[in-house]
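[1] Mind looking at a prediction? Sequence and model below.
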Amino acid sequence: MSTPVSDEATAPWPAPTVNGPISATVSLPGSKSLTNRYLVLAALADEPSRLRAPLRSRDTLLMASAVRSLGTVLDDATATGAFGADWLITPGELRGPASIDVGLAGTVMRFVPPIAALANGDIAFDGDPHARVRPMGPIIEALRGLGITVDDNGGGRLPFTVRGTGSVRGGTLEIDASASSQFVSALLLAGARFEEGLTLRHVGGQVPSEPHVTMTVEALRDVGVVIDDSEPDVWRVEPGRVGGLDVMVEPDLSNAAPFLAAAVLAGGQVTVPGWPQYTTQAGDHLRDLLDQMGADVSLDRDGLTVRSTGELYGLDADLRAAGELTPTIAALAALAETPSHLRGIAHLRGHETDRLAALATELNQLGGNVTETEDGLIIKPAKLHGGVFHSYADHRMATAGAVIGLKVAGVSVENIGTTAKTLPEFTQLWERMLTASDGPERR
Ligand SMILES: O=C(O)C1=C[C@@H](OP(=O)(O)O)[C@@H](O)[C@H](O)C1
Ligand SMILES: C=C(OP(=O)(O)O)C(=O)O
């Protein structure tokens, strides 16, 4: 695999180890996936929206900039709440020309081009070096199928320019979304604004991250869009108005993964308040996964609490639906007493980095016994030692390194700052969780 992307300006972050049980409550900021869907819908709406407790991180600030450059007004300085100011969003006529920096955000690079097709003018897209290798072809081809010109120099990837004409006819499209659920979400989010709406049919291997598609469908229904998802792999979006939103963003449950893993490794317990009783977030799969690995998991009015039972088992799990949890689960599996097989996650090769290769490389460099398969990882128990854990500019690789560092002395994480993609406060929350451990165990 390619050389890790390193942040030479910053020394690797010495990951703190933990020697005794912890007992902490960790309040997490809003969900990236929900914040960015709400921003897109607010830009497509015909009335203002209010987002309460939105996530402010690199991915969501890039989305905010993207919709602003297409004509949306976003006021960041109104009414304060527990997680800072609300976002008041007033949609405007979608317009170009504009240049959009997608960073390394899958949601920005996939969700914004269909909106750009509705704008009048040329909209140029580019992003981080690694963004240029993430799969984009199905979105570019879908826009062409809708009659929109996209200049990509034949590459099927970033950078490219969408030549918006101010309207999209819509109709029926077939796409292969086996590499990312975001291709489906992207087209559905804009579909009601197409003159004929959109009938989207997926053809190809299974669509990954199914909860994220459900999240898109439910968010669309929340703003009054009529969408039929009754037939597997087919979605029909009726043309029509997109209403405004006034919504509290749920905490980011995928970002809870390393903190809950810390409870399992350290002994003791971690509570994440505000964990919804019902959610479309893939992070909710943590409840089942951590239970399978031997933790005691309970959801009540205080939130989700994960308690260590002193055992940590490996697991055989299909993670296709919740692939973004893989780095944390793999880190736990590398420290478990029995082997693990993580399956159904070939699409992780198109994430922030090739996560299967990156996890195998980094865990093995610390003495692990990890083998890549075509669609996953086999992780066998091994005694790990210290060293530098490279992040490959991937926020979830960085937090996986922090998880390993809890139990393995001498681990440092290269480019911990990359956690800013979805959780700029990661190191502060992590250190606070570990110092809270001195207190008495909460019952
Ligand atoms: O729509 C979304 O918000 C997301 C969908 C998933 O993408 P893939 O289907 O590409 O895995 C997920 O992994 C990503 O973190 C967020
Ligand atoms: C895959 C992820 O992000 P993105 O939205 O950039 O695809 C992720 O956050 O794990």
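    Noted; the coordinates are in hand. Numbers count the residues shown, from 1 in each chain. Ligands and ions are numbered 1, 2, ... in the order given.
[2] Which of the three states applies to L434?
    Per DSSP: H, G, I helix; E, B strand; the rest coil, the local secondary structure of L434 is helix.
[3] What residues does it make contact with?
    With contacts defined as CB atoms under 8 Å, 6 or more residues apart in numbering, the neighbours of L434 are P16, V18, I22, A24, A262. Where C-beta positions appear, they are placed from N, C-alpha and C, glycine not excepted.
[4] give me every residue that touches S209.
    S180, S181, Q182, A282, R320, A321, A322, G323, E324, H347.
[5] ditto for G103
    Taking CB under 8 Å, 6+ apart as the criterion, G103 is in contact with R58, D59, L62, G127, D128, A131, K421.
[6] same check, this time on P97
    By CB under 8 Å, 6+ apart, the residues touching P97 are G121, D122, I123, A124.
[7] With G294 instead?
    Taking CB under 8 Å, 6+ apart as the contact definition, G294 lies against V264, T309, E311, L312, Y313.
[8] how does it look with 7 Å?
    If a contact means CB atoms under 7 Å, 6 or more residues apart in numbering, then G294 has T309, E311, L312, Y313 as its contacts.
[9] Phi, psi for it please.
    Here is the backbone geometry of G294 (degrees, to the nearest 10): phi 110, psi 0.
[10] Without its sequence neighbours, what residue ends up closest to it?
    Sequence neighbours aside, E311 is the residue nearest to G294 in space, at 3.8 Å (criterion: CB to CB, 6 or more residues apart in numbering).
[11] What's the local residue count around the residue in the chain that ligand 2 sits nearest to?
    Nearest to ligand 2, among the residues of the chain, is G106, at 2.5 Å (CB to the nearest ligand atom). A total of 27 residues lie near G106 under the criterion other CB atoms under 10 Å.
[12] is it true that it touches Q182?
    Yes: in this structure, G106 is within contact of Q182 by CB atoms under 7 Å, at 5.2 Å.
[13] CSV please, covering the contacts of S209 and showing secondary structure.
    Written out in CSV, the entries for the contacts of S209 read as follows (three-state DSSP):
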residue, secondary structure
S180, coil
S181, coil
Q182, helix
A282, helix
R320, helix
A321, helix
A322, helix
G323, helix
E324, helix
H347, helix
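[14] Nearest to ligand 1, out of the contacts of G103: which one, please.
    When the contacts of G103 are ranked by distance to ligand 1 (CB to the nearest ligand atom), D59 comes first, at 9.1 Å.
[15] wait, isn't the closest one in contact with K421?
    Yes: between D59 and K421 a contact is recorded at 5.5 Å, counting by CB under 7 Å.
[16] hmm, the helix or strand containing L173 touching ligand 1?
    Mapping L173 onto the secondary structure by DSSP states H and E places it in strand 171-175. No: residues of strand 171-175 are not located near ligand 1 by CB under 6 Å from any ligand atom, the shortest gap being 13.0 Å.
[17] Start at 45, not 1
    Let's use 45 as the start, then, which means that last one is strand 215-219.
[18] now M441, nearest residue through space, not along the chain?
    In this structure, M441 finds its nearest non-sequential neighbour in S435, 4.5 Å apart by CB to CB, 6+ apart.
[19] do F433 as well
    G445 (3.3 Å).
[20] sec struct for that neighbour, please.
    Secondary structure for G445, judged by three-state DSSP, is helix.
[21] From S67, how far out is it?
    24 Å (CB to CB, to the nearest Å).
[22] quick one, which of these two is more surrounded?
    In this comparison of G445 against S67, neighbours counted by other CB under 10 Å, the higher total goes to G445 at 30 against 21.
[23] Wait, that one touches P60, no?
    No: the criterion here is CB under 7 Å, and G445 misses it with P60 at 11.7 Å.
[24] Just the buried residues of the strand holding L217, please?
    Within strand 215-219, the residues that count as buried by 16 or more other CB atoms under 10 Å are L217, I219.
[25] Check whether the following helix or strand past that strand comes into contact with ligand 1.
    Moving toward the C-terminus from strand 215-219, the first helix or strand encountered (DSSP H and E) is helix 226-235. Yes: judged by CB under 6 Å from any ligand atom, helix 226-235 comes into contact with ligand 1 through Q226, S229.
[26] Which elements pack onto helix 226-235?
    Contact analysis of helix 226-235 by 3 or more CB pairs under 7 Å, 6 or more residues apart in numbering; DSSP states H and E lists helix 76-88, helix 150-162, helix 181-189, strand 242-246, helix 254-266, strand 278-281 as its packing neighbours.
[27] Just put the ones you listed in JSON lines and tack on distance to W474 and mean pLDDT.
    Compiled in JSON lines, the helices and strands packed on helix 226-235 are given as follows (distance: least, CB to CB, whole Å; pLDDT from 0 to 100):
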{"stretch": "helix 76-88", "distance to W474": "18", "mean pLDDT": "98"}
{"stretch": "helix 150-162", "distance to W474": "24", "mean pLDDT": "98"}
{"stretch": "helix 181-189", "distance to W474": "35", "mean pLDDT": "98"}
{"stretch": "strand 242-246", "distance to W474": "38", "mean pLDDT": "98"}
{"stretch": "helix 254-266", "distance to W474": "26", "mean pLDDT": "98"}
{"stretch": "strand 278-281", "distance to W474": "39", "mean pLDDT": "98"}
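[28] JSON lines please, covering the ones you listed and showing distance to G210.
    JSON lines is the format used below for these (distance: least, CB to CB, whole Å):
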{"stretch": "helix 76-88", "distance to G210": "14"}
{"stretch": "helix 150-162", "distance to G210": "7"}
{"stretch": "helix 181-189", "distance to G210": "14"}
{"stretch": "strand 242-246", "distance to G210": "17"}
{"stretch": "helix 254-266", "distance to G210": "22"}
{"stretch": "strand 278-281", "distance to G210": "19"}
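[29] between these, which gets nearest to D419?
    Closest of the helices and strands packed on helix 226-235 to D419 is helix 254-266, at 15.9 Å (criterion: CB to CB).
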